[in-house]
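Asker: Test case, fold it:
(chains A, B and C)
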Amino acid sequence: MSFWKTIEDIDRRWVYLMVGLAVIIPFIFPTEFPISITPETQMLYDAVEAVPDSSTVMVVFDYYPSTIAECQPMSVAALHHFFRKDCKVITLSNIPLGGPSMAETVTRRIAPLYDKEYGVDFVNLGYKYGYVAVLSGMGTSIESIFPTDNSGTPISKLPLMDSVRNYDQIAFIFEVADNATADYWVSIVNAQYGVPMCCGTTAVGAPKYYSFVQAGQFVGLLGGMKGAAEYEILLSKPANAVLGMGAQSLVHLLIIAMVILGNVGFFASRRNKRKVTP
Amino acid sequence: MSSVELLQIWIIAFFTLALFSFLYKDNPVYKLAEHIFAGLSAGYYVGLVWDTVIITQLWDPMLAGDYWLVVPGIMGALMFTRFSPRFSWVSRVSLAFVMGVTSGIFLVSQLHGLVLPQMQSTMQSLGTDNGIGAMFLAIVVVIGVISTLIYFYYSKEHKGVLGVTARIGIWFIMVSFGAHFGYTVMGRVSLLIGRVQFLAEDWLGSFSHIF
Amino acid sequence: MRTTVPVAIAFLSGFLMVVSFFFREEATFIGGLSQNLLIWLTIVGGFTLLLGVVSITRVNWNAVKARKEGWIFKVFTLVSIFAMAVPAVLPSSWSPLFGRAEGSIYDWLFTYLDMPMMATMFATLAFYIASAAYRAFRARTAESTILLVTATVVMLWRVPMGEAFLNQFPGDIPTFLNTYIMNGANLAVQRGIIIGAALGAASMSLRIILGIERTYMGKG
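Answerer: Numbering: from 1, shown residues only, chains lettered A, B, ... in the order given. Take a look at the predicted model:
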């Protein structure tokens, strides 16, 4: 068997091993490269900075635990940003499997760092089925859709919600999503109620939302772990996303090398076949 | 680090490595983890629906006097008739309600919130008001949008002008899908980095507390 | 009757939601009615989440009863379902281990078992995509070559190491990529797809409201 054929038919587990090593090595030998800021992330940061201090905002946890590595750094950074501006934060989720739990865990971890009190400075509304109904219904009355918060406390008993009836009292919406719910926030909430919003999404979904940014429907966009790293840099709070960039770099280079090697082997094999069978 | 925290980290590490073991070969440890995962995910919904729907949205409000809620409560319960071949037609009432309301919202929101704004922002000035670069970009976007829509229009054969435009559309689509693939690789790798971060920092870090 | 009543319900509820777009105030009759329908939707739809649970329980129970291959593992599935569900529905006033609050069995099982396993399941995709890229990503045609080259360049651009490499070449390649690839060709194609999909969704919604589309009802 020719060398190139051997390369082409290599057991996939060797490929898995190489990928595994490429992820592990940067954690053992960390390297740092400057992380440049894309215009979309800068726009998002500037838009959040422009939100008046002490405004009431929404941070939406529309991602499954499966994409926690990409999305959680975004939601954590968003909470840092809003709490730093003394904004009142309402969190909710349209994801049944884990959304409200993650919102609860993250906000309760970040809020104490800024001496924020539950019910006064932040509230977790939890989850209700039917994102279409939830998004539409909150335009008229948030309390009718979420009569209680995630813990079962009537929201009429939460001081923050005294002054919040519907989207009219919401200054900004920061949507973190790993699925198409971001489309519905745009088409229902932004289009019908005019609430400015931005989106942090997984790298898989990010290419689609460039068109929303250009149309002005999103004021900014975070795409994947790189986007989260950029946001952390802008906030001067480098965390998990920045740490992951070394491993991200090495794996990307490995995959590019494998694609090139695979194609070189493909063309070499094809040329050999043509020589054998003229 | 307390012994409870240590135990929790080790439990997470065990199931993480159990699932990763499938990369080498299917094995009973992987199967065990997979089946437990499926069961936990299903059980999660029970607690969620009990708390957020049955107690919060039905039981408590009805006790407070909102008796009309018995209607959606019954409609929701009728959903379970789907499991009976004889009475599954009853669930159509609930399904029709859900589909009807959702469709009504979609009909307006898709047109008003997606089609119109996207079309509007495609109609950028093709002049040099904002510079040559912006003009070129606007032209690229207009050609790209139209040729993509034409490519996906299958009601007419792609011949003549339609065929040429569809051909241009394919080239645009290949560039976009290439970018999409690059981003997808980035996304998948990020998810792996998250797990490795846990194993490298939390799990391996716990060894120093044990030994 | 079995079809007429559901079609009528779909029409009335859908039509009302379209009309309510123009009567947003809850004080109006239409506005108030539509808001109630939205609340009802969150309740009725919530029960659909349980359909899958009932189904998976039935399938696994039958497999265990019939001692099908791998039935031992299905026992673990059933135990996991009940271990998660039962403590969650019991009143938290009986014990802090019950209910859904932090510190409950439900919360613990989700945070320390379900969530990490969900993340790990998706993490394995990185290995598969690398293997697929190596084995199947071939520049066989001009179109696939464009796709491959674009993917390679974007993969380079999106990581700091790769961006540093691209900056070695003359011209601002990263800015070019962001402006003309992501905000140019990619944006155009995605916009075309968004418009097409939205038009399709709107027409499907209209068909459901008018009763032309009835496949959601199933057989029977």
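Asker: buried ones in whichever strand or helix holds residue C:197?
Answerer: For residue C:197, the host element (DSSP states H and E) is helix C:187-209. In terms of neighbour count (16 or more other Cβ atoms under 10 Å in any protein chain shown), helix C:187-209 has its buried residues at C:187-198, C:201-202, C:204-206, C:208-209. Using the backbone N, CA and C atoms, a C-beta is placed for each residue, glycine as well.
Asker: near chain B, which of the residues you listed show up?
Answerer: C:187-196, C:198, C:201-202, C:204-206, C:208-209 (Cβ under 8 Å from any Cβ of the partner chain).
Asker: Between its first and last residues, how far does stretch C:81-98 reach?
Answerer: End-to-end distance for stretch C:81-98, by Cα to Cα, to the nearest Å: 15 Å.
Asker: Look up how far chain C lies from residue B:68.
Answerer: To chain C, residue B:68 is 8 Å away according to Cβ to the nearest Cβ, to the nearest Å.
Asker: Can you classify the residue sitting nearest the centre point of chain C as helix, strand or coil?
Answerer: Centroid-nearest residue in chain C, with Cα atoms, centre = their mean: residue C:49, separated by 13.1 Å. Look at residue C:49: counting by DSSP: H, G, I helix; E, B strand; the rest coil, its state is helix.
Asker: Show the contacting residues for it.
Answerer: Residues in contact with residue C:49 (Cβ atoms under 8 Å, 6 or more residues apart in numbering or on different chains) are A:96, A:129, B:45, B:48, B:49.
Asker: May I have the predicted confidence score for residue 112?
Answerer: By default, I'm working from chain A. With respect to pLDDT, residue A:112 has a value of 96.
Asker: could you do chain C instead?
Answerer: 94.
Asker: Pull the contacting residues for it.
Answerer: Taking Cβ under 8 Å, 6+ apart as the test, what residue C:112 contacts is B:8, B:11, B:12.
Asker: Can you give the contact residues for the one helix or strand the first one maps to?
Answerer: Yep, that's residue B:8 we're talking about. Assigned by DSSP H and E, residue B:8 belongs to helix B:3-20. By Cβ under 8 Å, 6+ apart, the residues outside helix B:3-20 that reach it are B:29-30, B:32-34, B:36-37, B:195, B:198-199, B:202-203, B:206, B:209-210, C:112-113, C:116-117, C:120-121, C:123-124.
Asker: mind running it again at 6 Å?
Answerer: B:29, B:30, B:33, B:202, B:203, B:206, C:112, C:116, C:117, C:120 (Cβ atoms under 6 Å, 6 or more residues apart in numbering or on different chains).
Asker: Count residues in the vicinity of the third one, would you?
Answerer: Pointing back at residue B:33 there. As a burial measure, residue B:33 scores 25 neighbours (other Cβ atoms under 10 Å in any protein chain shown).
Asker: Contacts only, for it.
Answerer: B:15, B:18, B:19.
Asker: hey, which helix or strand in chain B has the poorest pLDDT?
Answerer: The helix or strand of chain B with the poorest confidence is helix B:204-210; it has a mean of 88 (mean pLDDT, DSSP states H and E).
Asker: what inclination does the one helix or strand residue B:107 maps to have with respect to helix C:187-209?
Answerer: Residue B:107 is located in helix B:91-109, with elements delineated by DSSP H and E. Interaxial angle of helix B:91-109 relative to helix C:187-209 (axes from the mean of the first three to the mean of the last three Cα atoms, to 10 degrees): 140 degrees.
Asker: Kindly identify which of the buried residues of helix C:187-209 also come near chain A.
Answerer: C:187, C:190, C:191 (Cβ under 6 Å from any Cβ of the partner chain).
Asker: Surely the first one and residue A:208 touch.
Answerer: No. In this structure, residue C:187 is not within contact of residue A:208 by Cβ atoms under 6 Å, at 9.3 Å.
Asker: Could I get the contacting residues of the residue in the stretch 1-150 of chain A positioned nearest to chain B?
Answerer: Among all residues of the stretch 1-150 of chain A, residue A:69 sits closest to chain B, at 2.4 Å; criterion: Cβ to the nearest Cβ. Shown in contact with residue A:69 (Cβ under 6 Å, 6+ apart): B:190, B:191, B:194.
Asker: Identify each of the strands in the chain and give its residue range.
Answerer: Using chain A. Here chain A has its strands, by DSSP state E, at A:56-62, A:88-93, A:122-127, A:172-177, A:197-201, A:221-223.
Asker: which other residues reach the fifth one?
Answerer: The list of residues contacting strand A:197-201 from outside it, by Cβ under 6 Å, 6+ apart, reads A:44, A:47, A:74, A:173-177, A:182, A:190, A:209, A:218-222.
Asker: Looking at those, which is nearest chain C?
Answerer: residue A:209 (8.2 Å).
Asker: Quick one: low-confidence residue ranges for the chain.
Answerer: No chain specified, so I'll use chain A. A:1, A:276-278 (pLDDT under 70).
Asker: Sorry, I should have been clearer: chain C.
Answerer: Residue ranges of chain C with pLDDT under 70: C:24-26, C:219-220.
Asker: quick one: residue C:156 from chain A, how far?
Answerer: Where chain A is concerned, residue C:156 sits at a distance of 7 Å (Cβ to the nearest Cβ).
Asker: and that residue, which of the three is it?
Answerer: helix.
Asker: Tell me who's in contact with residue 191.
Answerer: Because you didn't say which chain, this covers chain A. Residue A:191 neighbours (Cβ under 6 Å, 6+ apart): B:112, B:113.
Asker: wrong chain, I was asking about chain C
Answerer: A:211, B:118, B:145.
Asker: Now neighbour count too, for those residues, in TSV please.
Answerer: Listed next are these as TSV, based on neighbours: other Cβ atoms under 10 Å in any protein chain shown:
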residue	neighbour count
A:211	28
B:118	21
B:145	27
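Asker: Rebuild the residues you listed as a markdown table, extending it with distance to chain C.
Answerer: Putting those into a markdown table (distance: Cβ to the nearest Cβ, whole Å) gives the following:
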| residue | distance to chain C |
| --- | --- |
| A:211 | 4 |
| B:118 | 5 |
| B:145 | 5 |
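Asker: Now the residue located most distally from the centre of chain C. Its backbone dihedrals?
Answerer: For chain C, the residue at maximal distance from the C-alpha centroid (Cα atoms, centre = their mean) is residue C:170, at 42.7 Å. The phi/psi pair for residue C:170 (degrees, to the nearest 10) reads phi -70, psi 150.
Asker: how far away is it from residue C:177?
Answerer: According to Cβ to Cβ, to the nearest Å, residue C:170 and residue C:177 sit 15 Å apart.
Asker: got it, and residue B:152?
Answerer: In terms of Cβ to Cβ, residue B:152 sits 25 Å off from residue C:177.
Asker: sorry, back to before: for the helix holding residue B:107, packing partners?
Answerer: helix A:131-137, helix B:70-78, helix C:4-20, helix C:29-65, helix C:187-209 (3 or more Cβ pairs under 6 Å, 6 or more residues apart in numbering or on different chains; DSSP states H and E).
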